[in-house]
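A.B. asks: no sequence on hand, only this structure:
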């Protein structure tokens, strides 16, 4: 089997985390590294990974993607920010997987972008896929699979409680840790505070179940302790014919008790599935991206979501 | 959307359970019912389902499948028993889904049959797919999906504990309820007692993970109370390079305490996922078959497994 040539685009904690996994897997070869940060330019990727020199020097030029079978893209959360980056990579003829949260299921909120990316990718004969733990797994794909044993399904409720104490600083900032209540609300209004992706998960679930949504709501409020923000609680709802059929309830805070991933399937039968302690988001996102690469390579060209791929699984 | 025309082949508890679900779903139309039992011949399917007459009379002739888009096949557990039935249905030009346990992943233990069915189905332009809760979901597909967040995977351990008190009598017989210990062992030797499908689940898991198996073991022993058999405990193991990497541990007994479906993922990270109370096997098998029909209809022709389909989910 020929090795799969990978370019890593975006060398923050997630991008480096994926690269570190791929380094250990003989099926993959890292052939390029892209980042815009001036202090990373010209450095060997091995140095950034705290390992031996790899002969791969960081460049700001995405055109290095011409050397790749697949580009792992890990930069920003909003599709409007990353669409030009994705289109340039597609034009290089490489499959693209991205941790951009809004790319996980862009067909509802960003249908025009989605169609554009889909068409360009089809023409180029490559796939573009948004992947990650949330959105992409814990609050959409896994709950969806858990509905398969149901004769009837009334409502799907997913609860994810994450202790961000051990998580990367950018994530702690994103959930507002250390802010005052006013700063928190200002941050939410400015789009700096809050988890991106819950509405995408609601849209993905509804599409997979064949439900037509009246509306998706997405609300954020602070988790407070002694007047200081310790994190956030964010709830998204999918409403079908006036009824709440999907509820995603995400709490991310410092020193949160009882971290868990919990899915409540309400129907016939009703049951609860849970992962006590919960899935570690950063580790899981990196792993899901690495594990999905063989499936993405085999998928038909176009914009893909985890609904279009065979079931994700470990592929070390 | 045109309704999907369904023939129900096999009118035992599972076959009727699937038919009952499909009756409630406007996307489907029941157009035929096949069973060999003399006492069912000529009766209206609605009568067997305790509902209004459906104008569908039970026949022993599988050629009624010519009227169908898809046949739901629910007769026996062994591939050798059902292969002629499946091939006849394929020749009728219908997609086939079957609850035959050995069809869930026949590529390891029955590779020649699998290839034959695959080729005939491809030529006929139809799909043939084995589906159910176990094998097909609780001890293979769901555990596999749960390995996606792993950077490394050492071992996958799946435990399923089923209280058969509320389950159909044929299932209670299959797990040996009421036998003496000698009768139990004689029943196992004769192939009358024991769950069929654990080795198929091990083979499916290994194939999906890209692991080459040295061997699969499958052991059955009775669960005893006061000298009488109350059920069975069956363990299957997948050995890779001399090491146990997959263990499936199934207990099915009357009045079993703590019924559960539990997956232990051992790797980086390690975690446990569980469904307290467990999934009800008969209900879940019927639901999975009904829910998978739209996905099976869209899949490329050939012998398919749940690994080839997009993620299963409710599709009412």
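C.D. replies: Everything's here; your move. Every value quoted in this text rests on a predicted model; they were computed, and no experiment measured them.

A.B. asks: ranking helices and strands of chain A by mean pLDDT, which lands last?
C.D. replies: Ranking every helix and strand in chain A by mean pLDDT, DSSP states H and E puts helix A:169-174 at the bottom, with a mean of 88.

A.B. asks: buried ones in the next helix or strand after it?
C.D. replies: For helix A:169-174, the following helix or strand on the C-terminal side (DSSP states H and E) is helix A:181-189. Buried residues in helix A:181-189, counted by 16 or more other C-beta atoms under 10 Å in any protein chain shown: A:184, A:185, A:187, A:188. (C-beta placed from N, C-alpha, C; glycine too.)

A.B. asks: quick one: list the elements packing against the helix or strand following helix A:181-189.
C.D. replies: The first helix or strand that comes after helix A:181-189 along the chain, using DSSP H and E, is helix A:198-209. Under the contact criterion of 3 or more C-beta pairs under 8 Å, 6 or more residues apart in numbering or on different chains; DSSP states H and E, helix A:198-209 touches helix A:141-145, strand A:152-163, strand A:215-225, strand A:228-240, strand A:243-253.

A.B. asks: average model confidence for the shortest one?
C.D. replies: When pLDDT is averaged over helix A:141-145, the result is 98.

A.B. asks: hmm, it in reach of chain B?
C.D. replies: Yes. Judged by C-beta under 8 Å from any C-beta of the partner chain, helix A:141-145 and chain B are in contact via A:141, A:142, A:144, A:145.

A.B. asks: buried subset of those residues?
C.D. replies: A:141, A:142, A:144, A:145.

A.B. asks: excluding its backbone neighbours, what's nearest the third one?
C.D. replies: Distance criterion C-beta to C-beta, 6 or more residues apart in numbering or on different chains; nearest residue to residue A:144, sequence neighbours excluded, is residue B:313 at 4.3 Å.

A.B. asks: quick check: domain ranges of chain A?
C.D. replies: The record's domain parsing of chain A by automatic domain parsing lists A:4-132+A:283-304, A:141-278.

A.B. asks: isn't residue A:209 right up against residue B:315?
C.D. replies: Yes. Counting by C-beta atoms under 8 Å, residue B:315 is a contact partner of residue A:209 at 7.0 Å.

A.B. asks: quick one: residue A:92 and residue B:16, what's the gap?
C.D. replies: 56 Å (C-beta to C-beta, to the nearest Å).

A.B. asks: residue ranges in the stretch 1-150 of chain A under the pLDDT threshold?
C.D. replies: Applying pLDDT under 70 to the stretch 1-150 of chain A flags the ranges A:1.

A.B. asks: before we move on, what SS does residue A:29 have?
C.D. replies: Three-state call for residue A:29 (DSSP: H, G, I helix; E, B strand; the rest coil): strand.

A.B. asks: which residues are in contact with it?
C.D. replies: A:3, A:4, A:5, A:6 (C-beta atoms under 8 Å, 6 or more residues apart in numbering or on different chains).

A.B. asks: and the spatially most central residue of chain A, how far from residue A:73?
C.D. replies: Most central in chain A under C-alpha atoms, centre = their mean is residue A:132, positioned 3.2 Å from the mean C-alpha point. For residue A:132, the distance to residue A:73 (C-beta to C-beta) stands at 12 Å.

A.B. asks: overlap of the contact sets of those two?
C.D. replies: Going by C-beta under 8 Å, 6+ apart, residues that sit against residue A:132 and also against residue A:73 are residue A:99.

A.B. asks: burial count for residue A:171?
C.D. replies: 18 (other C-beta atoms under 10 Å in any protein chain shown).

A.B. asks: for the residue lying closest to it once chain neighbours are set aside, what are its contacts?
C.D. replies: Of all residues not flanking residue A:171 in the chain, residue A:164 sits nearest, at 5.8 Å (C-beta to C-beta, 6+ apart). Residue A:164 makes contact with A:171, A:172, A:175, A:177, A:231, A:252, A:253, A:254, A:256 under the criterion C-beta under 8 Å, 6+ apart.

A.B. asks: under a three-state scheme, what state does the last one occupy?
C.D. replies: Taking three-state DSSP as the rule, one finds residue A:256 in the coil state.

A.B. asks: residue numbers of the stretch 201-316 of chain A in contact with chain B?
C.D. replies: Residues of the stretch 201-316 of chain A that fall close to chain B, judged by C-beta under 8 Å from any C-beta: A:208-210, A:267-269, A:271-277, A:279-280, A:283-284, A:286-288, A:290-292, A:306-316.

A.B. asks: among those residues, name the buried ones.
C.D. replies: Here, 16+ other C-beta under 10 Å leaves A:208-209, A:267, A:269, A:271-275, A:277, A:279-280, A:283-284, A:286-288, A:290-292, A:306-316 buried among these.

A.B. asks: report the rounded mean pLDDT for stretch A:239-257.
C.D. replies: 97.

A.B. asks: what does stretch A:287-302 give?
C.D. replies: 97.

A.B. asks: return the distance of it from the chain's centre.
C.D. replies: 14 Å (C-alpha atoms, centre = their mean, to the nearest Å).

A.B. asks: next one: stretch A:251-261
C.D. replies: 19 Å.

A.B. asks: got the phi and psi for the residue of chain A positioned farthest from its centre?
C.D. replies: Within chain A, the residue lying farthest from the chain centre (C-alpha atoms, centre = their mean) is residue A:226, at 32.2 Å. When read as degrees, to the nearest 10, the backbone of residue A:226 gives phi 60, psi 40.

A.B. asks: run through the residues that contact it.
C.D. replies: Applying C-beta under 8 Å, 6+ apart, no residues contact residue A:226.

A.B. asks: swap in residue A:251?
C.D. replies: A:159, A:160, A:161, A:162, A:223, A:231, A:232, A:233, A:234.

A.B. asks: state the distance from the nearest residue to the fourth one once chain neighbours are set aside to chain B.
C.D. replies: Which is residue A:162. Nearest residue to residue A:162, sequence neighbours excluded (C-beta to C-beta, 6+ apart): residue A:252, at 4.5 Å. Computed as C-beta to the nearest C-beta, to the nearest Å, the residue A:252 to chain B distance reads 17 Å.

A.B. asks: quick check: residue A:252 touching residue A:165?
C.D. replies: No. At 10.6 Å, residue A:252 does not count as touching residue A:165 under the criterion of C-beta under 8 Å.

A.B. asks: next, count neighbours for the residue lying closest to residue A:91 once chain neighbours are set aside.
C.D. replies: Distances taken as C-beta to C-beta, 6+ apart place residue A:124 nearest to residue A:91, at 6.7 Å, with adjacent residues excluded. The tally of other residues near residue A:124 (other C-beta under 10 Å) stands at 20.

A.B. asks: residue A:179 now?
C.D. replies: What residue A:179 shows, counting by other C-beta under 10 Å, is a neighbour count of 19.

A.B. asks: list the contacts for it?
C.D. replies: Residue A:179 sits in contact with A:187, A:193, A:222, A:228, A:229, where contact means C-beta under 8 Å, 6+ apart.

A.B. asks: can you put those residues in TSV and add distance to residue A:63 and pLDDT?
C.D. replies: Shown next, in TSV, are the contacts of residue A:179 (distance: C-beta to C-beta, whole Å; pLDDT from 0 to 100):
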residue	distance to residue A:63	pLDDT
A:187	36	97
A:193	35	96
A:222	43	98
A:228	46	94
A:229	42	97
